[in-house]
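Just the structure for this:
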Amino acid sequence: SRGEWTEGYSIGILDKGDRGGAVRGCLGGIRAQWANFVGTTTIKPGKFYHVGMTYSSSSGEGRIYVNGRCEKRMDVGQGNVIGYNGKTGLFVGGEAL
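The predicted model follows:
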(Lines give C-alpha, C1' and ligand atoms only; values in the text may rest on other atoms or scores of the structure.)
Protein backbone atom coordinates (compact mmCIF):
# COMPACT_ATOMS: atom_id res chain seq x y z
CA SER A 1 0.00 0.00 0.00
CA ARG A 2 1.04 3.58 -0.55
CA GLY A 3 -0.18 4.39 2.96
CA GLU A 4 -3.01 6.60 1.73
CA TRP A 5 -6.66 6.26 0.81
CA THR A 6 -7.23 9.77 -0.45
CA GLU A 7 -8.72 9.23 -3.90
CA GLY A 8 -12.40 9.95 -4.52
CA TYR A 9 -13.21 6.26 -4.61
CA SER A 10 -11.09 3.44 -3.30
CA ILE A 11 -11.49 -0.26 -2.65
CA GLY A 12 -8.75 -2.44 -1.29
CA ILE A 13 -7.76 -5.20 1.07
CA LEU A 14 -6.61 -4.33 4.57
CA ASP A 15 -3.57 -5.98 6.12
CA LYS A 16 -4.42 -9.23 7.95
CA GLY A 17 -3.53 -7.47 11.21
CA ASP A 18 -6.18 -4.83 10.47
CA ARG A 19 -9.66 -6.32 10.87
CA GLY A 20 -8.50 -9.70 9.63
CA GLY A 21 -7.66 -8.61 6.11
CA ALA A 22 -11.15 -7.56 5.03
CA VAL A 23 -12.25 -5.47 2.04
CA ARG A 24 -12.30 -1.74 2.74
CA GLY A 25 -14.14 0.86 0.69
CA CYS A 26 -13.76 4.62 0.91
CA LEU A 27 -15.82 7.40 -0.65
CA GLY A 28 -14.47 10.91 -0.40
CA GLY A 29 -15.81 14.38 -0.04
CA ILE A 30 -19.48 13.68 0.70
CA ARG A 31 -20.67 16.13 3.36
CA ALA A 32 -17.03 17.34 3.31
CA GLN A 33 -15.82 14.15 4.97
CA TRP A 34 -14.59 10.64 4.13
CA ALA A 35 -16.78 7.57 4.45
CA ASN A 36 -14.94 4.34 5.21
CA PHE A 37 -16.66 0.99 5.43
CA VAL A 38 -15.29 -2.54 5.87
CA GLY A 39 -16.63 -5.97 4.91
CA THR A 40 -16.62 -9.07 7.11
CA THR A 41 -14.88 -11.74 5.00
CA THR A 42 -11.21 -12.43 5.71
CA ILE A 43 -9.45 -12.26 2.33
CA LYS A 44 -6.84 -15.02 2.05
CA PRO A 45 -3.85 -14.88 -0.30
CA GLY A 46 -4.04 -17.23 -3.29
CA LYS A 47 -7.83 -17.51 -3.25
CA PHE A 48 -10.07 -15.84 -5.86
CA TYR A 49 -12.71 -13.36 -4.68
CA HIS A 50 -15.08 -11.08 -6.53
CA VAL A 51 -15.31 -7.75 -4.69
CA GLY A 52 -17.27 -4.65 -5.51
CA MET A 53 -18.42 -1.34 -4.14
CA THR A 54 -21.44 0.74 -5.12
CA TYR A 55 -22.64 4.21 -4.25
CA SER A 56 -25.95 5.88 -5.07
CA SER A 57 -25.69 9.68 -5.04
CA SER A 58 -29.51 9.94 -4.95
CA SER A 59 -30.06 7.67 -1.91
CA GLY A 60 -26.67 8.28 -0.26
CA GLU A 61 -26.08 4.56 0.33
CA GLY A 62 -22.70 2.88 -0.14
CA ARG A 63 -22.27 -0.89 -0.21
CA ILE A 64 -19.40 -3.41 -0.14
CA TYR A 65 -19.88 -6.80 -1.81
CA VAL A 66 -17.78 -9.97 -1.58
CA ASN A 67 -18.64 -12.87 -3.88
CA GLY A 68 -22.02 -11.32 -4.70
CA ARG A 69 -23.10 -10.87 -1.07
CA CYS A 70 -23.59 -7.43 0.43
CA GLU A 71 -21.40 -7.33 3.55
CA LYS A 72 -21.79 -3.70 4.56
CA ARG A 73 -24.32 -0.96 3.85
CA MET A 74 -23.76 2.56 5.03
CA ASP A 75 -25.57 5.86 4.66
CA VAL A 76 -22.75 8.11 3.55
CA GLY A 77 -24.91 11.05 2.46
CA GLN A 78 -26.33 12.27 -0.79
CA GLY A 79 -24.16 14.11 -3.27
CA ASN A 80 -21.16 13.78 -5.52
CA VAL A 81 -17.91 12.17 -4.52
CA ILE A 82 -15.04 14.64 -4.52
CA GLY A 83 -11.57 13.28 -3.97
CA TYR A 84 -8.44 14.61 -2.38
CA ASN A 85 -7.51 18.09 -3.62
CA GLY A 86 -10.66 18.17 -5.77
CA LYS A 87 -9.69 15.06 -7.78
CA THR A 88 -12.12 12.22 -8.38
CA GLY A 89 -9.56 9.49 -8.96
CA LEU A 90 -9.96 5.79 -8.32
CA PHE A 91 -7.60 3.62 -6.28
CA VAL A 92 -7.86 -0.16 -6.37
CA GLY A 93 -5.37 -2.18 -4.38
CA GLY A 94 -4.46 -3.29 -0.94
CA GLU A 95 -1.97 -3.40 1.84
CA ALA A 96 0.67 -6.13 1.87
CA LEU A 97 -0.91 -9.44 2.85
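
Pretty sure Lys72 sits in a helix.
No - checked against DSSP: H, G, I helix; E, B strand; the rest coil, Lys72 lies outside a helix; its state is strand.

so Cys70 makes contact with Thr54?
No - using C-beta atoms under 8 Å, Cys70 is not in contact with Thr54, being 9.0 Å away. Quick note: C-beta positions are derived from backbone N, CA and C, even for glycine.

quick one: common contacting residues for these two?
Arg63 (C-beta atoms under 8 Å, 6 or more residues apart in numbering).

Mind listing residues that contact stretch 69-82?
8-9, 23, 25, 27-31, 35, 37-41, 55, 57-65, 88.

Now that we have those, which of them are buried?
8-9, 23, 25, 27-30, 35, 37-39, 41, 55, 60, 62-65 (16 or more other C-beta atoms under 10 Å).

is it true that Thr54 lies in a strand?
Yes - according to three-state DSSP, Thr54 belongs to a strand.

Just list whatever residues bridge to the closest residue to it other than its chain neighbours.
Among residues not flanking Thr54 along the chain, Arg63 sits closest, at 4.9 Å (C-beta to C-beta, 6 or more residues apart in numbering). Per DSSP bridges, the residues bridged to Arg63 are Thr54, Arg73.

I'd assumed Val51 was in contact with Arg63.
No - using C-beta under 8 Å as the test, Arg63 is too far from Val51 to be in contact (11.3 Å).

quick one: low-confidence ranges for the protein?
Scanning the chain for pLDDT under 70 picks out the ranges 1-8, 29-33, 80-97.

What segments of it are strands?
9-13, 23-30, 33-38, 51-55, 61-66, 69-75, 90-94 (DSSP state E).

Columns distance to Pro45 on top of the ones you listed, output as TSV?
Shown next, in TSV, are the strands of the chain (distance: least, C-beta to C-beta, whole Å):
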stretch	distance to Pro45
strand 9-13	9
strand 23-30	14
strand 33-38	18
strand 51-55	14
strand 61-66	15
strand 69-75	19
strand 90-94	10
